[in-house]
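K.L.:
One predicted model, sequence on top.
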Amino acid sequence: MSDYLVRATAAGDQIRAFACVTTETVEEGRRRHRTFPVCTAALGRLMSAALMMGIDLKGANDSITLTIKGDGPMAGLTATADTHGNVKGFVSNPDVILPLRENGHLDVGGAIGKGTLSVIKNTGMKEPYIGHINLVSGEIAEDLTYYFAESEQIPSSVGLGVLVNPDKERTVKQAGGFIIQLMPGAEDSVITALEKRLSGIKSVTHMLDEGMTPEDMLRFILQDMDLELHDTVPLRFHCNCSRERVSKALVSIGRKELQSLIDEHKSQDVFCDYCETHYAFSTEELEELLQQAK
């Protein structure tokens, strides 16, 4: 099954909801960055969240970037998504190994440690919106729940999960998530019913491993609350880097810096953190870019 996201409302528009399956997308991220399991779980959770938050932006060229910086061995991770279901991401240190938690789950919080979460929304305005919180647990779902309450004043429940296969490559078996949000003026009876439903959820990975689709997850959480499923959006890991974009970036560093690179008399290898693509520029190519620089 290909990855996709579903948008929905419930309780007469008093609730809005998103749910997604991102197994193939997260596996592509794992493959590109060769992440160890705990890093795969962290990156997969963050990319799933970015996809659900990105799809809620309005403009065709809008994007959202989630960045976590921590004092744990993973150091940090970033995911960027747009309004079309594309996401890319990377982990600062993909080689972290930690013991499992007492419940048998990967210790994402321990790998991240204490730190901060930043949310940057590029919506075509002169300055992007930037939200910033201290991490609550490093488990990402709890941190985003806190972010929505603190920075956007939206009561939310965020569920994220990545299940890793016990095979040699530690491939991704299941990945996905949901975001459920209460709209302003939600009735007490709706809030109580939603809290009761959420308390009965074991985990996102449990639901996915039971064969649930994003629609099934929303039906399970919002049953008897007049759920209305709206559009579905296909999802994928996609980086929009290109040789042309990298060339423009090199031109933007200015003549002095470019001349310094040329004086080294060796080709320059530019590396994309998001997708690990390498772009090699010969001295002759750098000289051509120098003519374009200010």
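P.N.:
Yep, that arrived. Residues are numbered from 1 along each chain as shown.
K.L.:
Where is the longest helix in this protein?
P.N.:
When the chain is parsed with DSSP state H, its longest helix is helix 37-54.
K.L.:
Just the CA atoms of the host helix or strand of residue 217, as PDB, please.
P.N.:
Assigned by DSSP states H and E, residue 217 belongs to helix 214-221. The C-alpha trace of helix 214-221 is given here as PDB (Å, rounded to 0.1, in the frame of the first residue of the first chain):
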ATOM      1  CA  PRO A 214      -5.600   6.000   8.200                       C
ATOM      2  CA  GLU A 215      -9.400   6.000   7.700                       C
ATOM      3  CA  ASP A 216      -9.700   3.100  10.200                       C
ATOM      4  CA  MET A 217      -7.600   4.900  12.800                       C
ATOM      5  CA  LEU A 218      -9.900   8.000  12.600                       C
ATOM      6  CA  ARG A 219     -13.000   5.800  12.700                       C
ATOM      7  CA  PHE A 220     -11.700   4.000  15.800                       C
ATOM      8  CA  ILE A 221     -10.800   7.300  17.600                       C
END
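K.L.:
Which secondary structure elements does it sit against?
P.N.:
Judged by 3 or more C-beta pairs under 8 Å, 6 or more residues apart in numbering; DSSP states H and E, the packing partners of helix 214-221 are strand 4-10, strand 15-21, strand 172-182, helix 188-199, helix 204-209, strand 228-234. In this view, the C-beta of every residue, glycine as well, is placed from N, C-alpha and C.
K.L.:
which of the residues in the last one are buried?
P.N.:
Residues 228-229, 233 are the ones in strand 228-234 that count as buried (16 or more other C-beta atoms under 10 Å).
K.L.:
Which residues does the helix or strand just after that strand contact?
P.N.:
For strand 228-234, the succeeding helix or strand toward the C-terminus, using DSSP H and E, is strand 236-237. If you take C-beta atoms under 8 Å, 6 or more residues apart in numbering as the criterion, strand 236-237 is touched by 3, 24-26, 28-29, 32, 47, 85-88.
K.L.:
Can you name the element that comes right after strand 236-237?
P.N.:
Immediately after strand 236-237, counting by DSSP H and E, sits helix 243-252.
K.L.:
Report the angle between the next helix or strand along the chain from that next one and helix 243-252.
P.N.:
Using DSSP H and E, the next helix or strand after helix 243-252 towards the C-terminus is helix 255-263. With axes from the mean of the first three to the mean of the last three C-alpha atoms, to 10 degrees defining the directions, helix 255-263 sits at 110 degrees from helix 243-252.
K.L.:
what is the mean pLDDT for helix 255-263?
P.N.:
Mean per-residue pLDDT for helix 255-263: 88.
K.L.:
Only the buried residues of that helix, if you could.
P.N.:
For helix 255-263, the neighbour count (16+ other C-beta under 10 Å) marks 258, 261-262 as buried.
K.L.:
quick one: which of these is nearest residue 274?
P.N.:
Distance to residue 274, by C-beta to C-beta, is smallest for residue 261 among the buried residues of helix 255-263, at 22.4 Å.
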